[in-house]
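K.L.:
Sequence first, predicted model second:
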Amino acid sequence: MEIDSYFSQRRTVRSFTDAEVSDSDIRAMLEAAMHAPTTGNMQLYSVIITRDDEKKKALWPAHFSQPAAVGAKVLLTFCADFNRFVKWCEQSGAVPGFDNFQSFFSAVLDTTIFAQQFVTIAERNGLGTCYLGTTTYNAPDIARVLELPVRVVPVTTVALGVPDGDAVQSPRLPVDAVMHVEKYNDYTREDIASVYAPLESREDSRGFIAENGKQTLAQVFTDVRYPKGNNEVFSKIYRDFIESQCFEV
Ligand SMILES: Cc1cc2nc3c(=O)[nH]c(=O)nc-3n(C[C@H](O)[C@H](O)[C@H](O)COP(=O)(O)O)c2cc1C
């Protein structure tokens, strides 16, 4: 099998030129991305395109003013959306039963796959993209700016533009680290050490450890990048918001 080298060469882009991405290109890419698989072909998503400077400025704080959010020509907020489908059910004599975790999670899967399909199409056409995970941190603020109705929950945002220079490629674990044959082969201490050793020995990793005053790379993740306290605070904000949008989670 020959796999297109795009897949092993791709990388996230966080710096963009001033060049525009046209509405017609975005529309065409979204239309193609809509051929992604979805739960029962229900297509439980919507995407809000933000190009207007005032709207982008209103969204930036919710994205902690990350450079990719501020520098991108366009922000696309991908939302799990049962609003459209429930309305269709209700005006068609069908009783919807989607106010639960299972349904919400299906919509999140549909939305995520759709977003990634869009990202692949954009990247293959020479554009740069960066996911903004901050969407799940500050969903209520984003929902307010984008005027999302009930049953619509922002899942992720893609910053889009023309790449400014070459982005650096990030390393990956070896495929054997993630691939299990027939059953899950749990990791020994030695497996874990050997799986993460190449990552830990990189110069940039050693730099992260030193500049954060940590002993190990894992501590950079647990203590600096994704500390428990933050995870808990943002979990509560997101869960409360999801429930306010009519999904029991
Ligand atoms: C769900 C998700 C959220 C992400 N959030 C951010 C983000 O908030 N800011 C950012 O700069 N990159 C973000 N990224 C990009 C990752 O940092 C990036 O994919 C990862 O480091 C691997 O790098 P690569 O995509 O260049 O291979 C996110 C990626 C995903 C899939």
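P.N.:
Yep, it's here.

K.L.:
State the pLDDT value of the residue of the chain most remote from its centre.
P.N.:
The C-alpha centroid of the chain is most remote from G93, which lies 35.3 Å away (C-alpha atoms, centre = their mean). The model reports G93 with a pLDDT of 98.

K.L.:
by contact count, what packs against the lengthiest helix in the chain?
P.N.:
What stands out as the longest helix in the chain, according to DSSP state H, is helix 101-124. Helix 101-124 sits against helix 23-33, strand 45-50, strand 74-81, strand 128-132, strand 152-161, with contacts defined as 3 or more C-beta pairs under 8 Å, 6 or more residues apart in numbering; DSSP states H and E. Where you see a C-beta, it was placed from the backbone N, CA and C, and this is true even at glycine.

K.L.:
Residues of this structure that sit close to the ligand?
P.N.:
When proximity is defined as C-beta under 6 Å from any ligand atom, the chain approaches the ligand at 11-12, 14, 66, 68, 130-134, 156, 170.

K.L.:
biggest separation within these, which pair?
P.N.:
Across these, the longest distance by C-beta to C-beta is 19.7 Å; it joins R11 and T134.

K.L.:
So between these two, which is more surrounded?
P.N.:
Neighbour count, other C-beta atoms under 10 Å: between R11 and T134, T134 has more, with 22 against 14.

K.L.:
what's the nearest residue to the more buried one if we skip its chain neighbours?
P.N.:
Ranked by C-beta to C-beta, 6 or more residues apart in numbering and with sequence neighbours excluded, the top spatial neighbour of T134 is H63, at 4.4 Å.
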